[in-house]
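Visitor: One predicted model, sequence on top.
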Amino acid sequence: MQRSQIPSFEELQYPLPRYSSKNLYYTFISLLLRNIGTLSEGIKIGYRHGFDSGNIMNYIYENNPQGSLYIGEVIDRAFLNQKTCRAFRAIKKIQKDFIINYLKEREGLKTSIVDLASGEADYIYDVLQEESFEVSVLLRDINENTLLESRKVAEGMGLTQNIRYEVGDALDTEGLGNISPKPDLVIEVGLYGIIHEDQKIQDHLKAVKEILDPDALLFNVQTYNEQIELIARALVNQDGDPCVWHLRSADQVVEWAEEAGFRDPQITMDPYGIYAVVMMRG
């Protein structure tokens, strides 16, 4: 099936002509979502925390429509049924399967896992709850409140043992050097799409390899999304700015990872053709 043409990342960074029909359309959609739309719990969370935040991702994962009044729940159900949201839920399972398969490969060896931009990281909790593995987990995120929420989720699931939490920027090279013990598996899903500069990703991959030198690296890449312009023009990110995601091909990011020293990519696409989940070896 041929993919429809969508605006480039560079095009999405610039505002539309003020009185263009497209700009008027997205302005109307934005006003609608910011007002009536916030009767939906999911849309309200998105505008409060950002549609690229861990908070909204976890709400989408839960897939439990909520809202004020009957209309709010209806809007929320429609929001959660968007193709982008369905893709989020699909890649959660793909990521879980990659982690479980990797841990099974190790045949009982204790495994150190570090998620460098974890958000709530409930997919890791699901792994630990569903399977019995000898692991230690370090969850790092730039947002302290997100980590506090994550800890509450872990406590509710009875999974506090062998899990640590640390505020940190995934791109901070000095911070990477302070991680101990060195991880067997590094996870950074959802990170690359919100990094706009290609060189930052390339430098980061090299730093992960040189400083942490993990046995395996798990990441995802948003490769294509028909809703990308709607998201950029009508929604906001964690800083309150337009939520512009950077689409890249999986092959491009895999090539950067190979240049950094990673190898043997295993790539699984979600059923909607939006995300590629990639596991590579160190």
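Guide: Nice, thanks for sending it over.

Visitor: Now for residue 199, how many residues are close by?
Guide: 9 (other Cβ atoms under 10 Å). (C-beta placed from N, C-alpha, C; glycine too.)

Visitor: Next, it: secondary structure please.
Guide: Judged by DSSP: H, G, I helix; E, B strand; the rest coil, the three-state class of residue 199 is helix.

Visitor: so residue 244 makes contact with residue 232?
Guide: Yes: applying Cβ atoms under 8 Å as the test, residue 244 and residue 232 come out as touching, 4.6 Å apart.

Visitor: shared neighbours of those two, anything?
Guide: residue 12 (Cβ atoms under 8 Å, 6 or more residues apart in numbering).

Visitor: Pick out whichever of those two has more residues nearby.
Guide: Using other Cβ under 10 Å as the criterion, residue 244 and residue 232 rank with residue 244 on top: 22 against 19.

Visitor: Now do the contacts for that one.
Guide: 9, 12, 13, 196, 231, 232, 237.

Visitor: and whichever strand or helix holds residue 276, which strands flank it?
Guide: For residue 276, the enclosing helix or strand under DSSP states H and E is strand 275-281. With DSSP bridges as the test, strand 275-281 is paired with strand 216-222 (antiparallel), strand 263-269 (antiparallel).

Visitor: Quick check: which of those strands is buried the most?
Guide: Mean neighbours per residue, mean count of other Cβ atoms under 10 Å, is largest over the strands paired with strand 275-281 for strand 216-222, with a mean of 24.

Visitor: Give me the buried stretch members for the longest helix anywhere in the chain, please.
Guide: In the chain, ranked by residue count with DSSP state H as the criterion, the top helix is helix 83-105. Neighbour-count burial for helix 83-105, with 16 or more other Cβ atoms under 10 Å as criterion, is recorded at 84-88, 90-92, 94-96, 98-99, 102-103.

Visitor: Would you mind pulling up the elements that that helix packs against?
Guide: helix 54-62, strand 111-115, helix 122-130, strand 185-188, strand 216-222, strand 263-269, strand 275-281 (3 or more Cβ pairs under 8 Å, 6 or more residues apart in numbering; DSSP states H and E).

Visitor: cutoff 7 Å now
Guide: helix 54-62, helix 122-130, strand 216-222, strand 275-281 (3 or more Cβ pairs under 7 Å, 6 or more residues apart in numbering; DSSP states H and E).

Visitor: relative orientation of that helix and helix 54-62 in degrees?
Guide: 80 degrees (axes from the mean of the first three to the mean of the last three Cα atoms, to 10 degrees).

Visitor: Fine by me, we can end here.
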